[in-house]
Every structure is written in C-alpha cells, then in structure tokens.
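Chemist: let me see the structure of the following:
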Amino acid sequence: MPLIRLQQLGADARLGLWQMTEDAAALPVPPEDLSRYHSASRLRERLTAYALLREMTGRADLVIDHDETGRPLVDGWNISISHTRGWAALIQSRSKAVAVDIEFFSDRVSRVRNRFIRPDEDGDSLAYQLINWSAKETVYKLLGRENLQYFEMRLLSFVPAAQGRVVVEDLKHPRRVEVDYELNGDFVLTHAVD
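Modeler: I've put the predicted structure just below:
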C-alpha cells in the first residue's frame, strides 16, 4: 500500500499522505455501509481515507461521519481529509483544530485566479496561485463555521518555495492563521493546526 508519509506536527497532530495507486478491492473494508458510493473514484477516495485513518490511529473500528457542513467527524479526534488526482491527505489531532488541502499541480488555477486572489495580493506565478488557493481552502476548512469567502482572506507577502509557511489573514474576524505548505510537480499540500 502506498502510504507515502506519516508526519508528526507538534505534540498532538499528525499528517498522513497516501498515493492512490491501488484498486479499491486492495484497500481494507471500513466499518461503514459503502453502497451509496456509485462512483469508483469516490469509493477509492473513501477507502483511502479509512486506510490512512487506520494507519494513523492503529484502529480499524473508527467511523468517519460528517456534520451539516460536510466536515468529517471521528469520535475522539479532530480530522480533516482532502483528495486530488491520485493523492489523499488526512490530518488528525485529539485536542486541536486541524485542516488539510491537497490540489494537483496544474495551470487550471490560472483560469480562475480572479475568483480567489485579491487585488492586493501577488499572483503572477503559478506556484503563488496554487499555494494561495490551497492555503485559503485550508483556512476555510479550519474556520468552517465562520463561512469565510476567498476575498475575506489575504495571504501576507511571501516568496514561493518547495516548502514553507504562509500567513493567511482572516479579514472578517481579524486574526492570522499560519499555514504550512509543500509544492512539487505532483501537488500542493497545505495544512494548519490551531
């Protein structure tokens, strides 16, 4: 199974990254009814999320539910899950709010950059656009109940690199959130622990 990485993030958070190369039949069967997943790709994403959760907790009995906003819920854990073409990421903590986003590396964000990059943000390079998009998705997930819109968030100036940290300002409820990122030829991965 292509578990790529388990990474400890401070004392009480972990990040898992999985490359989805196997068929759904090769993944462990979770403790939930999977009959509602009619799409093979959605089923594989769901099974991969469970495989990551099992690897990260050592438990096969945990069930992933969702609240009214779609946020994943696991009894005793705060978690966030993200998928993109061929990749899945999961972040967990027992006591802290967490969020993760993964997006495949593509220039598609350039076509919609005006929907998420503010006029007072940089935005010329593809690397900047990908990190901006994913970091704002992560903050949206982290602060989901606040229902932030893209233009209610602003990234402080930074120079894109293969990995780093950006600061995202919540302009609706003045505060700053630090978001770590990783950028490579396959994906951009962002995560935050609050």
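Chemist: what's the closest non-adjacent residue to Arg175?
Modeler: Among residues not flanking Arg175 along the chain, Glu169 sits closest, at 7.6 Å (Cβ to Cβ, 6 or more residues apart in numbering). (C-beta placed from N, C-alpha, C; glycine too.)
Chemist: ok, that neighbour touching Arg154?
Modeler: Yes: Glu169 lies in contact with Arg154 (Cβ atoms under 8 Å); the separation is 4.6 Å.
Chemist: more crowded one of the two?
Modeler: Taking neighbours as other Cβ atoms under 10 Å, Glu169 and Arg154 compare with Arg154 leading, 19 against 15.
Chemist: pLDDT value on the more buried one, please?
Modeler: Listed pLDDT for Arg154 reads 97.
Chemist: what's the answer for the one 3 residues further on, then?
Modeler: If you check Ser157, the pLDDT there is 95.
Chemist: switch to numbering from 789
Modeler: Okay, using 789 as the starting number, the last item reads as Ser945.
Chemist: any idea which element the nearest residue to it once chain neighbours are set aside lies in?
Modeler: When the adjacent residues along the chain are set aside, Ser945 lies closest to Asp910, with 6.6 Å between them (Cβ to Cβ, 6+ apart). Secondary structure assignment for Asp910, by DSSP states H and E: no helix or strand.
Chemist: and Asp910, backbone torsions?
Modeler: Backbone torsions for Asp910, taken as degrees, to the nearest 10, come to phi -70, psi 170.
Chemist: ok, how many other residues are close to it?
Modeler: Residues near Asp910, counting by other Cβ under 10 Å, number 15.
Chemist: test my guess that Gln796 contacts Met844.
Modeler: No: the pair Gln796 and Met844 does not pass the contact test of Cβ under 8 Å, sitting 10.6 Å apart.
Chemist: of the two, who's got more company?
Modeler: Met844 (19 against 9).
Chemist: how about the more buried one: what's its closest non-neighbour residue?
Modeler: Of all residues not flanking Met844 in the chain, Gly804 sits nearest, at 5.0 Å (Cβ to Cβ, 6+ apart).
Chemist: could you do Gly798 as well?
Modeler: Val981 (6.3 Å).
Chemist: next: Glu833.
Modeler: Per Cβ to Cβ, 6+ apart, closest to Glu833 is His871, 4.5 Å.
Chemist: is that neighbour located within a strand, as I assumed?
Modeler: Yes: His871 forms part of a strand when assessed by DSSP: H, G, I helix; E, B strand; the rest coil.
Chemist: coming back round to it: anything in contact with each of Gln796 and Met844?
Modeler: Arg802 (Cβ atoms under 8 Å, 6 or more residues apart in numbering).
Chemist: check which helix or strand the residue lying closest to Val886 once chain neighbours are set aside maps to.
Modeler: In space, and not counting its chain neighbours, Val886 is closest to Ile879: 4.5 Å by Cβ to Cβ, 6+ apart. Using DSSP H and E, Ile879 sits within strand 875-881.
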